[in-house]
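>>> everything below, folded, please.
(chains A and B)
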Amino acid sequence: MAEERLTIVDLRRLIADQANVDEAVVGQFLSALFPAIIDGLRTDKSVRIYGLGSFKLQWVEPRKSVNVSTGEPIVIEGYQKLCFTPEQSLKERVNEPYANLVPVELDAAGKALPQQKRAPIDPLQKMEEQAEEIKDLLQELNGTNSVEPLKEEEYKEQPAEGVDETVVEEQPAEGVVESTVEEQNAEGIAETAETQEGKHQEGKDKEEDVNKKREKQHSRAYRPWLVALITILLFIGALAGGYFYLQYKVEQYADELNKKLENKDEAPMVFGVEPLDEAMEEEDAVIDELDSLLKDENDIIEAVKKVAAEKEIEANIEPNKASKEEKSETVQVVNIGDAKKRKKSDGNGQTTNSPSTNQTKSPTLKIEKTKIKEFQKKREFTEFLGIETVVAGSRLTWIAKKYYGEKDLWVYIYEANRDVLKNPESVQPGMHLRIPKLSKEMMNMHDETNRAYVKQLQDEYLGK
Amino acid sequence: MTKMQTEALLNTTSDVLVQALLDGKSVLMQNFGTLEVKQKNERLTVHPKTGIRTLTPPKLQVYFKPNAGLKEELKRSNEDKEEQK
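You can find the predicted model right below:
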């Protein structure tokens, strides 16, 4: 917009003309005006000029940043920024050319435009990818066929229609070549019979090649669609397979749990059922097993004991989670066995480093254990804070933030509503979601193990 | 100069400035800064919660860009103030 620039000289002249005052006086006035405004800013932090707007000093908070060249973190100190806010009347007058324009809501018709723009791009990209896949497949299948590479190049260089045309053109040419070959043969009858036979064989070969090419052209026309279909079918098949596998796993788990429960005549899987001392006994057993497993490595035993101690603390903190202890036992042994192997390999390599490796590994062990312990537990939510009706634009994290103050806890809402939610993203407006009441331990996101566990749940539900 | 005169001059100054801005001109004031009108292009906005898409029309806005020297001066002066506090 700035086609023309007014300087202080122009300003002086214009003001003098309008106010019928000598230019020199206006000059004095202006040279006093700006320092006055700046002084006003310094003292009051804001200066307002009627009809124009207000100048304000705004405090910019100190903030952290990074030195671009060295990557060192630095702090940009806070400073005052001079801002200008035009008066409402000035705003409106300046914007007069566009004043009649009103924000327009775009509904289905407006939405359709950007989607249409995107739509043609995606299939094309997919087709290209698929075409590459097809080529690879074909090369594998027809690896011995010498005609194949040629055809591939043709296909790469030209679009489907073009290929047909050019090949059609080529064929007659080849036919001509053949006929000339035959003519030559006819002419060359006088020559030796051996060479004739050789030439005939060549001609036959060429005919065969041409036939092959024709067949391929026909099949090539359908290929993109065929392969698109096949890939889609494969994809669906893979998805279904994964889904059924997961289901099968879950059922297995449930069966195991039920068997063990029946054997021990335990109460059903609800929060906080098993008494503490049973859990402690199990932990003793675990420690014994660990000791027998890790006799020769004293420092490792120490680490495991540390872990066990941590587990005891956890059991104290979260008695309700102890009920699944015995199931995790078997898996724990396997895990610790793995850890033992790892540690052995470490110990063989560097014995001096063993204390430090132990220190680094104990927390991971701990997390693994809690993970196993928690993942086997089926939570049954009996108490609910209420029912939330999903509104447009809402999502699980948003609801979790509203009820628990922690958006990461959406996993529990999801768990409580597995019957209506197929996956965490399938939240639809109008759905009624039950909001389970969570224990204090579950809501304590400052606890590191709990946070790690919630993260794991999230990853599992999001299919990572 | 009397108070009346000053007031009159100040009013004419703001009038002149406003008129210049209305004409689409930018005003460069030495040792102070630049007042100018900028056009903001039309744009598509989406309400994050309701997902309503809106075409926001273009807009003319007044901008003030303070002179670099003045900027630094104000920055420094206020750093002193912060230290005093």
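>>> tell me where the chain has strands.
Unless you meant another one, I'm taking chain A. A:5-6, A:46-49, A:53-60, A:63-66, A:73-76, A:79-86, A:104-106, A:384-389, A:432-436 (DSSP state E).
>>> if you could check chain B rather than the one you did, that'd help
Going by DSSP E, chain B shows strands at B:26-29, B:33-40, B:43-46, B:53-56, B:59-66.
>>> low-confidence ranges in chain B?
B:1, B:76-85 (pLDDT under 70).
>>> and for A:Val25, the neighbour number?
Per other CB atoms under 10 Å in any protein chain shown, the neighbour tally for A:Val25 reads 16. In this view, the C-beta of every residue, glycine as well, is placed from N, C-alpha and C.
>>> again, but for the one 10 residues further on
Neighbouring residues of A:Pro35 were enumerated by other CB under 10 Å; the total is 11.
>>> ok, now which ones touch the nearest residue to it once chain neighbours are set aside?
Nearest non-adjacent residue to A:Pro35, counting by CB to CB, 6 or more residues apart in numbering or on different chains: B:Asn31, 8.0 Å away. By CB atoms under 8 Å, 6 or more residues apart in numbering or on different chains, B:Asn31 lies in contact with A:34-35, B:67, B:69-70.
>>> for PyMOL, what selects the buried ones among those?
If you want just the buried ones from the contacts of B:Asn31 in PyMOL, going by 16 or more other CB atoms under 10 Å in any protein chain shown, the selection is:
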select buried, (chain A and resi 34) or (chain B and resi 67+70)
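>>> which one of the contacts of B:Asn31 sits closest to A:Lys260?
Set against A:Lys260, the nearest of the contacts of B:Asn31 by CB to CB is B:Leu70 (77.9 Å).
>>> okay but the closest one is in contact with B:Gly33, surely?
Yes. Proximity of B:Leu70 to B:Gly33 meets the contact threshold set by CB atoms under 8 Å, at 6.4 Å.
>>> how is chain A partitioned into domains?
A:8-98, A:130-232, A:276-375, A:384-461 (automatic domain parsing).
>>> averaged pLDDT, the second one. What do you get?
This predicted structure assigns domain A:130-232 an average pLDDT of 55.
>>> so where is chain A shaky, pLDDT-wise?
Along chain A, the parts satisfying pLDDT under 70 run over A:1-3, A:107-128, A:142-222, A:262-283, A:285-287, A:289-379, A:464.
>>> mind doing that once more with 50?
Along chain A, segments meeting pLDDT under 50 span A:1-2, A:111-122, A:146-199, A:266-275, A:318-361.
>>> how close does the residue nearest to A:Pro35 sit to A:Asn444?
Distance, B:Asn31 to A:Asn444, by CB to CB, to the nearest Å: 59 Å.
>>> count of residues packed around the spatially closest residue to A:Tyr461 that is not a sequence neighbour?
Once flanking residues are discounted, A:Tyr461 sits nearest to A:Pro424: 5.4 Å by CB to CB, 6+ apart. When counting by other CB under 10 Å, one arrives at 17 neighbours for A:Pro424.
>>> equivalent analysis for B:Gln30, please.
For B:Gln30, using other CB under 10 Å, the count is 13.
>>> what do you get for the one 10 residues further on?
Applying the criterion other CB under 10 Å, we find 13 residues in the vicinity of B:Lys40.
>>> and if you look at A:Asn100?
Residues lying near A:Asn100 (other CB under 10 Å) number 7.
>>> pretty sure A:Tyr98 is touching B:Glu42, no?
No. If you go by CB under 8 Å, A:Tyr98 and B:Glu42 don't touch, sitting 9.1 Å apart.
>>> identify the contacts common to those two.
Residues touching both A:Tyr98 and B:Glu42 (CB under 8 Å, 6+ apart) are B:57-58.
>>> just to revisit the earlier point, joint contacts of B:Leu70 and B:Gly33?
A:Leu82.
>>> show me what B:Pro66 is bridged to.
Counting by DSSP bridges, B:Pro66 is bridged to B:Gly33.
>>> residue contacts, it?
Contacts for B:Pro66 (CB under 8 Å, 6+ apart) come out as A:82, B:32-33, B:74.
>>> format the residues you listed as CSV; extra columns: distance to B:Arg53.
What follows is these, written out as CSV (distance: CB to CB, whole Å):
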residue, distance to B:Arg53
A:Leu82, 36
B:Phe32, 42
B:Gly33, 37
B:Leu74, 41
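>>> Throw the residues you listed into TSV and include neighbour count and distance to A:Ile399, thanks.
Listed next are those as TSV, based on neighbours: other CB atoms under 10 Å in any protein chain shown; distance: CB to CB, whole Å:
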residue	neighbour count	distance to A:Ile399
A:Leu82	21	43
B:Phe32	22	52
B:Gly33	23	49
B:Leu74	19	46
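>>> closest to A:Val75 among the residues you listed?
B:Leu74 (20.2 Å).
>>> report the contact partners of the closest residue to A:Val454 other than its chain neighbours.
Counting by CB to CB, 6+ apart, A:Asp408 is the residue found nearest to A:Val454 once chain neighbours are left out, at 5.3 Å. Residues in contact with A:Asp408 (CB under 8 Å, 6+ apart) are A:397, A:400, A:445, A:451, A:454-455, A:458.
>>> one more: A:Lys407?
Shown in contact with A:Lys407 (CB under 8 Å, 6+ apart): A:397-398, A:400-401.
>>> up against chain B, what does the stretch 51-200 of chain A have?
Within the stretch 51-200 of chain A, the positions near chain B by CB under 8 Å from any CB of the partner chain are A:51-53, A:55, A:57, A:59, A:77-84, A:86, A:90-91, A:93-98, A:101-107, A:110-111.
>>> select only the buried ones of those residues in ChimeraX?
Buried residues within those, by 16+ other CB under 10 Å, are selected in ChimeraX with:
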select /A:52,53,55,57,79,80,82,84,86,90,93,94,95,106
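>>> could I have the CA atoms of stretch A:225-244 written out in PDB?
Only the C-alpha atoms of stretch A:225-244 are listed here, as PDB (Å, rounded to 0.1, in the frame of the first residue of the first chain):
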ATOM      1  CA  TRP A 225      -6.300 -52.100 -11.600                       C
ATOM      2  CA  LEU A 226      -5.600 -55.700 -10.800                       C
ATOM      3  CA  VAL A 227      -2.600 -54.800  -8.700                       C
ATOM      4  CA  ALA A 228      -4.500 -52.000  -6.900                       C
ATOM      5  CA  LEU A 229      -7.200 -54.600  -6.100                       C
ATOM      6  CA  ILE A 230      -4.700 -57.100  -4.900                       C
ATOM      7  CA  THR A 231      -2.800 -54.700  -2.700                       C
ATOM      8  CA  ILE A 232      -6.000 -53.500  -1.200                       C
ATOM      9  CA  LEU A 233      -7.100 -57.100  -0.500                       C
ATOM     10  CA  LEU A 234      -3.700 -57.900   1.000                       C
ATOM     11  CA  PHE A 235      -3.900 -54.800   3.200                       C
ATOM     12  CA  ILE A 236      -7.400 -55.700   4.400                       C
ATOM     13  CA  GLY A 237      -6.200 -59.300   5.000                       C
ATOM     14  CA  ALA A 238      -3.200 -58.100   7.000                       C
ATOM     15  CA  LEU A 239      -5.500 -55.900   9.100                       C
ATOM     16  CA  ALA A 240      -8.000 -58.700   9.700                       C
ATOM     17  CA  GLY A 241      -5.100 -61.000  10.600                       C
ATOM     18  CA  GLY A 242      -3.700 -58.600  13.100                       C
ATOM     19  CA  TYR A 243      -7.000 -58.000  14.600                       C
ATOM     20  CA  PHE A 244      -7.800 -61.700  15.100                       C
END
